[in-house]
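[1] Sequence plus predicted model, see below.
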Amino acid sequence: LDEVQVQNHDLQEKLDEVQVQNHDLQEKLDEVQVQQHELQGKVDSMEGKLDKVQQQNHDLRGKMDTVEEKMDDLKLLLEKVVTNTAPPAPPQWIIIQRRGQYGNPANFFAKSMPDYKTGFGNTTAEFWLALAELARLTKDGKWEMQVDLVDYAGKRYTGVYHKFRVGAGPRYELEVG
């Protein structure tokens, strides 16, 4: 019986040691869980910041697309404000319309009002400058208009108008005299 009691005592001591170790491990596990929770909070915060950066990047791409579109529009407008590229216009004249045999369909100038407002075509071929640009250019100062026509037989006709102005939109009324 004494021997069983000694063994029981030894087992109780070992059980106490295991319980202490278990308690220590539980404390360490609790610490790890707290650290894991803190890390998860940091990960969540980083994901939120990443989402915000991605949204800003998306917004910037949209703005860049808008800037590129405006640059393209500006390039087209600059192409349309032509001086001395097509005879017989002298350098101080601005060509506002060109028609001819450039491979475009016969109805190339059958456009909508918005097209005439913003302009269309290619300055080295058939084109229309833009009503909005003509209104801006002619709103101040004195302007003349010269119309040069060449028929299919090659005969030239010229008309000069000493008063020329295009009024503001949306009507863009023409004054010629």
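    Cool, got the structure. Residues are numbered from 1 along each chain as shown.

[2] For the protein, which segments count as strands?
    Taking DSSP state E, the strands of the chain run over residues 82-83, 94-95, 97-98, 120-121, 127-128, 145-150, 156-161, 164-166, 174-176.

[3] Rebuild the ones you listed as CSV, extending it with distance to H58.
    For the C-beta atoms, the positions are set from N, CA and C on the backbone; glycine is no exception. Below are the strands of the chain laid out as CSV (distance: least, Cβ to Cβ, whole Å):
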stretch, distance to H58
strand 82-83, 39
strand 94-95, 41
strand 97-98, 42
strand 120-121, 32
strand 127-128, 36
strand 145-150, 48
strand 156-161, 52
strand 164-166, 41
strand 174-176, 45
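
[4] Can you tell me which of those strands is nearest to E31?
    Evaluated over the strands of the chain, closeness to E31 peaks at strand 120-121, with 72.6 Å, by Cβ to Cβ.

[5] hmm, who's touching stretch 161-174?
    Residues outside stretch 161-174 that contact it (Cβ atoms under 8 Å, 6 or more residues apart in numbering): 116-117, 131-132, 134-135, 137-139, 142-147, 175-177.

[6] For that stretch, measure first residue to last.
    Stretch 161-174 has an end-to-end distance of 12 Å (criterion: Cα to Cα, to the nearest Å).

[7] circling back to that earlier point, mean neighbour count, the strands of the chain: which tops it?
    Comparing the strands of the chain by mean neighbour count (mean count of other Cβ atoms under 10 Å), strand 127-128 ranks first with a mean of 23.

[8] Would you map the helices across the protein?
    Ranges of helices in the chain, per DSSP state H, are 2-80, 113-118, 131-138.

[9] Averaged pLDDT, the longest one. What do you get?
    What helix 2-80 shows for mean pLDDT is 87.

[10] Between helix 131-138 and that helix, find me the angle.
    Using axes from the mean of the first three to the mean of the last three Cα atoms, to 10 degrees, one finds that helix 2-80 and helix 131-138 are set 60 degrees apart in direction.

[11] closest one to P105 among the helices of the chain?
    Of all these, helix 113-118 sits nearest to P105, with 14.3 Å by Cβ to Cβ.
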